[in-house]
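Colleague: Test case, fold it:
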Amino acid sequence: MNHIYTGLDIGNDQIKIVVAEALNQEFHVLASTAIKSAGIKKNTIYDHKKLKEQLHKAFAKTEEKLGMKIREVILCVPANTASMTMETGLVNIRSGTVRGSDIMEVLKDAAYGTYENTRELVTCLPISFTVDEEASVADPKDESGEKLFVKAVVATSPKNEIYPYIDLVRSLGVNITDIVYNTQADYYCATTKELDRKMGCIINIGGDMTTIAIFNKGIMIKNSFLPVGSSSVDKDIAYIYKLDLKTARTLKETFALSVGRYADVNDTKEVTTQEGKKVMIHQPEISEVIESRLKEILKLAKNEINHLTKREISYIIVVGGISELAGFNYIVDDILSHNASCLNMQELGARHNKFTSALGSCKYFHRKCMLVGKDISMFQEEEQESFLAPKKKNNVNDTMINKFFYNFFDTN
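Modeller: Below is the predicted model of the structure:
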């Protein structure tokens, strides 16, 4: 079976959709879409109709690229008031050999009765498994024994925080196969075997919120957020130069740098203010405006890290669309530390840090499926076969990646 998944990230600034195929431990992006959000601010939906319209457009655009209908997704949800607790589970191994069904049962046992009725289970991530008191393992499948024990982190959120997202997606006739926190999904975009053994932090600078999450061996254990993000930069530019927000954002994305000292003193841009006046903007000046705000955000994030944990942090990874600005890595190195860096998305078709949560949700779900021995694809076999059927002349391989080559450089 071809493992094809759709990740959906409904952000405050943009809605992002990524469809990816897992093949031989690698992920191939088949389609990616990002369009402007509406009716949502600081992770709160205030205009359901407007956001639904934009979400419908995002699905339609992605389906046009794919040539297939999106019927189900992995939904990224905010972790504003997420609660993480360490729990344990114990079950009898039914057949004497651990199967995927046993792993599912022991995780259910770990989560059972650990949260109030007003909260919803989002993730139950295993730390380690033990079979009959033998040495702990990460994956117990095919181990022989009578008892299966697990240590896991159970993460929950208030229902009234995540149900509006779930109801919105379902109102479009799209099923939700799984949900995951944005920040946890970000980790799966950055993860390596080395990071899976360490304690660190991921900072996601979103549209109007910045999230900070602490990870221990790949599992989010604490998180916080700041009520500032990339839109604060847009507002600074708009205020200083008396511009509308759309023009300010365009200047940020196409003209300015994130560090003033690396800007070109001879590079200028003429714009029209809201008062109808023509003004000349110099690249070093606007870059210094951006640099000032970004430094403030990262300093606040650094303080949050110190509040969240006193333990040594081995890595800090910064994600979010604004981290793509030229020179941003210099600010990260200056404000945070030598072990801090910006994520550099390498997946062809989604080479932009705004897609980390959407693509990461696909990687999270695939790892989860492999753990419990499930073969799942979010597209019907008949549709897949029509796209995967080799043509006699071309001898195409068995991945859908060739079919969608023309979409690889379209990340909008």
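Colleague: what about His56, neighbour count?
Modeller: His56: 13 surrounding residues under other Cβ atoms under 10 Å. Bear in mind the C-beta positions are built from the backbone N, C-alpha and C, glycine included.
Colleague: what about the stretch 51-200 of the chain, any weak spots by pLDDT?
Modeller: Nowhere does the stretch 51-200 of the chain drop to pLDDT under 70.
Colleague: Now do the helices in it.
Modeller: 100-111, 159-170, 182-190 (DSSP state H, counting those that start in this stretch).
Colleague: Name the surrounding residues that touch the last one.
Modeller: For helix 182-190, contacts defined as Cβ atoms under 8 Å, 6 or more residues apart in numbering pick out 7, 9, 76-79, 123, 125, 155, 195, 202, 204, 211, 213, 215, 218, 220, 223, 317, 319, 343, 345, 356-361, 363-364, 367.
Colleague: at 6 Å what do you get?
Modeller: 76, 79, 202, 204, 211, 213, 215, 220, 223, 317, 319, 343, 356-357, 359-361, 363-364 (Cβ atoms under 6 Å, 6 or more residues apart in numbering).
Colleague: again, but for the second one
Modeller: In this structure, residues lying in contact with helix 159-170 by Cβ under 6 Å, 6+ apart are Ile45, Leu75, Val77, Glu120, Ile176.
Colleague: of the residues you listed, buried ones?
Modeller: Among these, those buried by neighbour count (16 or more other Cβ atoms under 10 Å) are Ile45, Leu75, Val77, Glu120.
Colleague: Now for those residues: which two are most distant?
Modeller: Within those, two members stand farthest from each other by Cβ to Cβ: Ile45 and Glu120, at 16.3 Å.
Colleague: got the contact list for Ala326?
Modeller: The contact partners of Ala326, taken as Cβ under 6 Å, 6+ apart, are Leu257.
Colleague: how about the helices of the stretch 251-400 of the chain, start to end?
Modeller: Using DSSP H, counting those that start in this stretch, the helices assigned to the stretch 251-400 of the chain run over residues 283-308, 328-335, 356-372, 381-388.
Colleague: helices or strands up against the third one?
Modeller: Just to be clear, that refers to helix 356-372. Contact partners of helix 356-372 among helices and strands, from 3 or more Cβ pairs under 6 Å, 6 or more residues apart in numbering; DSSP states H and E: strand 3-10, strand 14-23, strand 72-77, helix 100-111, strand 175-181, helix 182-190.
Colleague: what's the distance between the closest residue to Ile331 other than its chain neighbours and His48?
Modeller: Spatial nearest neighbour of Ile331, excluding adjacent residues (Cβ to Cβ, 6 or more residues apart in numbering): Leu294 at 5.4 Å. According to Cβ to Cβ, to the nearest Å, Leu294 and His48 sit 33 Å apart.
Colleague: Show me which of these two is the more surrounded one.
Modeller: Leu294 (24 against 14).
Colleague: returning to what we had before: comparing the helices of the stretch 251-400 of the chain by mean pLDDT, which bottoms out?
Modeller: Mean pLDDT values for these show the minimum at helix 381-388, a mean of 61.
Colleague: avg pLDDT for the host helix or strand of Ile221?
Modeller: Here Ile221 sits within strand 219-226, counting by DSSP states H and E. Summarised as a single mean, pLDDT over strand 219-226 is 94.
Colleague: strand partners of it, parallel vs antiparallel please.
Modeller: strand 210-216 (antiparallel) (DSSP bridges).
Colleague: Other residues contacting the strand it pairs with?
Modeller: With contact meaning Cβ under 6 Å, 6+ apart, strand 210-216 is reached by 183, 187, 199-204, 220-226, 229, 297, 301, 304, 308-309.
Colleague: residue nearest the centroid of this protein?
Modeller: The chain has Ser357 as the residue nearest its centroid, 1.0 Å off, counting by Cα atoms, centre = their mean.
Colleague: Enumerate every residue touching it.
Modeller: So Ser357 contacts Asp9, Cys76, Asn182, Ala185, Asp186 (Cβ under 6 Å, 6+ apart).
Colleague: how close does it get to Lys61?
Modeller: Distance, Ser357 to Lys61, by Cβ to Cβ: 18 Å.
Colleague: quick one on the thing from earlier: which of the helices of the stretch 251-400 of the chain sits closest to Ala20?
Modeller: helix 356-372 (4.5 Å).
Colleague: I'd like to check the angle between the closest one and strand 3-10, please.
Modeller: Note on geometry: by axes from the mean of the first three to the mean of the last three Cα atoms, to 10 degrees, helix 356-372 and strand 3-10 are set 140 degrees apart in direction.
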